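> Fold the stuff below for me.
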Amino acid sequence: MSEDTDDFALFREQVKVDRRIRSETVAAPRPKLTPRRRAENTPERQQQAEFFFSDTFRAHFPEGPVRYCVEGESSHILKQLRRGDFPPELFLDLHGMTQAEAKRELGALLHACAKQHIECCAVMSGHGKGVLKENLPHWLVQHPAVRAFHQAPAAHGGNAALLILVQR
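A predicted model of the protein is given here:
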């Protein structure tokens, strides 16, 4: 045992381990983080969504499947939408939403399409009581970013959904 204690004493003498002084290990100051508000949740964004979609406006649609094309656009776009030539990149399901919630979500969807440069999206209103299904085309006609929309082909929801072309 005495050899072990001599070895430890010799080691301590050679190394001279001391306690670290805390002032030598100063951490760099961290920048203060300011919380950012998400643009989608601002009252202005909600007001814009409600501004575009009036419940009193009623557009006239031709008989048959629901379809619409902005003036100046080729009617060939409607045929392409009907055939499913534009695959939707974003989907919105309005099942179980109130009209106010559906308007906000629809506004957010169209804003997201413009922001992410998405040309085609799909909105599923479902059958239900038909309130959202009836109002959805009238809301879409009012939005300036909508180029055209058509009842979706069966692969994308059939008559319970709409394919929407959005300006990029």
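
> When you work out contacts or count neighbours from here on, use the C-alpha atoms and nothing else.
OK.

> so who does residue 158 touch?
151-152 (C-alpha atoms under 8 Å, 6 or more residues apart in numbering).

> By residue count, which helix of the protein is the longest?
helix 99-115 (DSSP state H).

> so what does that helix touch, helix or strand wise?
Counting contacts by 3 or more C-alpha pairs under 8 Å, 6 or more residues apart in numbering; DSSP states H and E, helix 99-115 is packed against helix 43-52, strand 90-93, helix 131-142, strand 161-166.

> Tell me where the model's unsure across the chain.
The chain contains residues with pLDDT under 70 at 1-2, 17-28, 35-51.

> now with 80?
The model of the chain has pLDDT under 80 over residues 1-5, 11-53, 126-128, 168.

> Pretty sure residue 31 sits in a helix.
No: assessed with DSSP: H, G, I helix; E, B strand; the rest coil, residue 31 is coil; it does not lie in a helix.

> Tell me how many other residues crowd it.
The burial count assigned to residue 31 is 6, neighbours taken as other C-alpha atoms under 10 Å.

> give me the number of residues near residue 125?
Using other C-alpha under 10 Å, residue 125 has 25 neighbouring residues.

> That should have said residue 145, apologies.
By other C-alpha under 10 Å, 16 other residues sit near residue 145.

> wait, what's in contact with it?
Taking C-alpha under 8 Å, 6+ apart as the test, what residue 145 contacts is 110, 114, 166-167.

> which of those residues tops the neighbour count?
Most neighbours among the contacts of residue 145, by other C-alpha under 10 Å: residue 110, with 26 neighbours.

> isn't it right up against residue 168?
No: using C-alpha atoms under 8 Å, residue 110 makes no contact with residue 168, being 10.5 Å away.

> Pull out the buried residues from the longest helix of the chain.
Within helix 99-115, the residues that count as buried by 16 or more other C-alpha atoms under 10 Å are 102-111, 113.
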